[in-house]
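**Q** One predicted model, sequence on top.
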Amino acid sequence: MAEVTFIGLGNMGLPMAMNLLKSGHSVTGFDLAEDQVKTLTDAGGKSTNDINHTIQNSDVVITMLPSGKIVRSVYLGDEGLIENAPDNLLLIDSSTIDVETARDVSKAAEQKNLRIVDAPVSGGVGGAQAGTLTFMVGGEKKAFDNAKEYLDIMGGNIIYAGLSGNGQAAKICNNMLLGISMIGTAEAFNLAENLGLDAQTFFDISSTASGQCWSMTSYCPVPGPVPSSPANNNYKPGFSSALMLKDLRLSQEAASMTTSSTPLGANATSIYEEIENLGQDSIDFSGVIKLLQNKLK
């Protein structure tokens, strides 16, 4: 079994690390939140306060961090992972960040002859807990092949997207589409209600007609039709509005950088910014329907 160092034990990172631990790997975790680290160590994992020392005996380092700025600080510079990594260390960054940062980090790693992939995920906390995440992976094919054995433990769909940064590109485009489709689904249910059409009846019709989409059939934004959706749990987040806004902003940065026209993506960003401005962005992103219903204060 491998020695794994896992940096970033948040809502996604902790269950991912726990699945690696359950599979028999030795997992050493690092996070600023002591309670998250304790959960890992109580389950049989280890902790570290000296990452650069720990990685000397590691086979793989996996990072799950909140921003490109933090990813740069962890990987780059004299105190970063890349400068201090032993030969043949495998690096897997599952953070959702901008494509430019992913490619800069990859270039620095490859200059040191280190194997690295960018491997952001889709599937939310539930997918992380169940080990059914989708990984979108960018990097050299050999590095992908090396990383896949670990990704297979944490995910159900491991998709090679091409060279460095392409994993991030796939994640950004996917979540822009998801944000747009959730708003459209919420608008449709809101209009149906205002026209006197029962939500379950509308679901039964549209979920089998041309309006069918994942935001409706798997993550319905109104209570009732899909029992497992956050709408039936007071919009407790599986994927928060704050995280959706983060990804939408990344999509708009990428659109600007590539001069790509994304008017619906831009509009979706502004709508989730309204939720942020109301201080309600901790709710699930499907809670956008409450904004449309003027129920967010």
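**A** In hand now; what should we look at? Numbers count the residues shown, from 1 in each chain.

**Q** what comes up buried for stretch 192-206?
**A** Neighbour-count burial for stretch 192-206, with 16 or more other CB atoms under 10 Å as criterion, is recorded at 192, 199, 202-203, 206. For the C-beta atoms, the positions are set from N, CA and C on the backbone; glycine is no exception.

**Q** Closest one to Lys295 out of those, please.
**A** Distances from Lys295 to the buried residues of stretch 192-206, taken as CB to CB, are shortest for Ala199 (14.9 Å).

**Q** That closest one reaches Pro221, doesn't it?
**A** No. With contact defined as CB atoms under 8 Å, Ala199 does not reach Pro221; the gap is 9.7 Å.

**Q** Give me the common contacts of the two.
**A** Common contacts of Ala199 and Pro221, defined by CB atoms under 8 Å, 6 or more residues apart in numbering, comprise Phe189.

**Q** how about the buried residues of stretch 192-206 in a markdown table, adding secondary structure and distance to Leu250?
**A** As requested, the buried residues of stretch 192-206 are exported to a markdown table (DSSP: H, G, I helix; E, B strand; the rest coil; distance: CB to CB, whole Å):
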| residue | secondary structure | distance to Leu250 |
| --- | --- | --- |
| Ala192 | helix | 32 |
| Ala199 | helix | 32 |
| Phe202 | helix | 32 |
| Phe203 | helix | 31 |
| Ser206 | helix | 30 |
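
**Q** Enumerate every residue touching Asp87.
**A** The contact partners of Asp87, by CB under 8 Å, 6+ apart, come to Asn113.

**Q** And the pLDDT for it?
**A** At Asp87, the model reports a pLDDT of 90.

**Q** any idea how far it is from Gln56?
**A** Asp87 is 11 Å from Gln56, where distance means CB to CB, to the nearest Å.

**Q** quick revisit: closest to Lys236 among the buried residues of stretch 192-206?
**A** Lys236 has its nearest neighbour among the buried residues of stretch 192-206 in Ala199, at 19.4 Å by CB to CB.

**Q** and Val4, that's in a strand?
**A** Yes. Assigned with DSSP: H, G, I helix; E, B strand; the rest coil, Val4 falls within a strand.

**Q** wait, it sits on Ile55?
**A** No. Between Val4 and Ile55 there is no contact under CB under 8 Å: 10.4 Å.

**Q** Tell me the residues that contact both of these two, please.
**A** Taking CB under 8 Å, 6+ apart as the contact rule, Val4 and Ile55 both touch Val61.

**Q** State the three-state secondary structure for Val117.
**A** Assignment for Val117 (three-state DSSP): strand.

**Q** TSV please, covering the buried residues of stretch 192-206 and showing pLDDT.
**A** Output for the buried residues of stretch 192-206, formatted as TSV (pLDDT from 0 to 100):
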residue	pLDDT
Ala192	98
Ala199	97
Phe202	98
Phe203	98
Ser206	98
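
**Q** farthest-separated two in those residues?
**A** Of all pairs in the buried residues of stretch 192-206, the most separated under CB to CB is Ala199 and Ser206 at 10.4 Å.

**Q** which residues of the stretch 1-150 of the chain fall in strands?
**A** Along the stretch 1-150 of the chain, the stretches classed as strands by DSSP state E, counting those that start in this stretch are 3-7, 26-30, 46-47, 60-63, 90-93, 115-118, 121-122, 133-139.

**Q** Deepest in the core, which of those is it.
**A** strand 115-118 (a mean of 28; mean count of other CB atoms under 10 Å).

**Q** which other helices and strands contact that one?
**A** strand 90-93, helix 99-111, strand 133-139, helix 141-154, helix 166-194 (3 or more CB pairs under 8 Å, 6 or more residues apart in numbering; DSSP states H and E).

**Q** can you redo these as CSV with distance to Val61?
**A** Output for the helices and strands packed on strand 115-118, formatted as CSV (distance: least, CB to CB, whole Å):
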stretch, distance to Val61
strand 90-93, 5
helix 99-111, 11
strand 133-139, 14
helix 141-154, 11
helix 166-194, 16
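
**Q** how about those, which one is nearest Gln293?
**A** Here helix 166-194 is closest among the helices and strands packed on strand 115-118 (CB to CB), at 6.0 Å.
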